[in-house]
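Undergrad: structure for the following, please:
(one chain, ligands or ions: 1)
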Amino acid sequence: MGRKFFVGGNWKCNGTTDEVKKIVSMLNEAEVPSEDDVDVVVSPPFVFLPIVKSLLRPDFSIAAQNCWVRKGGAFTGEVSAEMLVNLGIPWVILGHSERRLLLNESKEFVGDKVAYALSQGLKVIACVGETLEQRESGSTMAVVAAQTKAIADRVLNWSNIVLAYEPVWAIGTGKVATPAQAQEVHSELRKWLHENAGAEVAATTRIVYGGSVNGANCKELAAKPDVDGLLVGGASLKPEFIDIIKSSTIKKSSV
Ligand SMILES: O=C(CO)COP(=O)(O)O
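TA: Residues are numbered from 1 along each chain as shown. I've put the predicted structure just below:
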């Protein structure tokens, strides 16, 4: 019943057309484990979705970085789930901490977005994570459980959700969580899912880690039993992203 390893590349608000083409060429030329063993999903800014879709190798998939909370309409500046489906984009990242914190997206709003995106047939990478202050005050689990509950309250079927644990203090800081810290929260999150969404959801939902993952630290993180993949920011724009994809092989050798 193994959970297939998942590697996401969140390009955030980066890139020009030329840079995007170069990253895609680098990905297309790489030799990586088979799609039977690893899901690779890259997430360019909205404006580059069509070009990436037209150029990217077929065994890699694509995610948008956000979408509107309900059906499209008079919502200036927003992009709807229906539009992503129309473009043939299968995945969307929702609840990233940069949106929760910089754009004041509440956990309820994120939960609504997750439910709506799923209802339209999108697969969702749903991000949760605590700030440094929250970690230091001992409320890490309470925070990530409340963020996960806002999703669980609105969603019954978890088969199209990947849960990404991204501690805010580790994002873009070079300060990666230790493998033990990641494992601890992932295992608690799985326990939470078991108690609140059922044994099947807990056993099958992939929980991936994000926050300063790079080519040097990916294997140790990937080796942890409850780390089912990695969500990569800065390093996903660089050749070391290929090494991160290859860290998936550690799961094969450890079973
Ligand atoms: O936010 C992240 C992925 O969504 C992680 O970003 P960094 O890998 O740049 O720390």
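
Undergrad: for this protein, what lies in contact range of the ligand?
TA: With Cβ under 6 Å from any ligand atom as the criterion, the chain meets the ligand at residues 10, 96, 166, 171-172, 210-213, 231-235. Yep, even glycine has a C-beta here, placed from its N, CA and C like the rest.

Undergrad: let me know the closest of the residues you listed to the ligand.
TA: Taking Cβ to the nearest ligand atom as the measure, Gly233 is the one of the residues of the chain next to the ligand closest to the ligand, at 2.2 Å.

Undergrad: what about the residue nearest to the closest one when sequence neighbours are not counted, neighbour count?
TA: With Cβ to Cβ, 6 or more residues apart in numbering as the measure, Asn10 is the residue that lies nearest to Gly233, at 5.1 Å, once sequence neighbours are left out. Residues within reach of Asn10, counting by other Cβ atoms under 10 Å, total 26.

Undergrad: show me the contacts for Asn10.
TA: Applying Cβ atoms under 8 Å, 6 or more residues apart in numbering to Asn10 gives the contacts 43, 65, 93, 96, 210, 231-233, 236.

Undergrad: would you turn the residues you listed into JSON lines with pLDDT?
TA: Putting these into JSON lines (pLDDT from 0 to 100) gives the following:
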{"residue": "Ser43", "pLDDT": "99"}
{"residue": "Gln65", "pLDDT": "98"}
{"residue": "Ile93", "pLDDT": "99"}
{"residue": "His96", "pLDDT": "98"}
{"residue": "Gly210", "pLDDT": "98"}
{"residue": "Leu231", "pLDDT": "98"}
{"residue": "Val232", "pLDDT": "98"}
{"residue": "Gly233", "pLDDT": "98"}
{"residue": "Ser236", "pLDDT": "98"}
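
Undergrad: any chance of those residues in CSV, plus secondary structure and neighbour count?
TA: As requested, these are exported to CSV (DSSP: H, G, I helix; E, B strand; the rest coil; neighbours: other Cβ atoms under 10 Å):
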residue, secondary structure, neighbour count
Ser43, strand, 28
Gln65, coil, 21
Ile93, strand, 24
His96, coil, 28
Gly210, strand, 28
Leu231, strand, 27
Val232, strand, 29
Gly233, coil, 23
Ser236, helix, 25
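
Undergrad: so which of those residues comes closest to Glu29?
TA: Within the set of the contacts of Asn10, Ser236 lies nearest Glu29; the separation is 16.0 Å, counting by Cβ to Cβ.

Undergrad: tell me the buried residues in stretch 166-186?
TA: If you call a residue buried by 16 or more other Cβ atoms under 10 Å, then stretch 166-186 has these buried ones: 166-171, 176-177, 179, 181-186.

Undergrad: which residues does Ala81 contact?
TA: 67-68, 92, 116-117, 120, 122.

Undergrad: now those residues: which count as buried?
TA: Neighbour-count burial within the contacts of Ala81 applies to 67-68, 92, 116-117, 122; the criterion is 16+ other Cβ under 10 Å.
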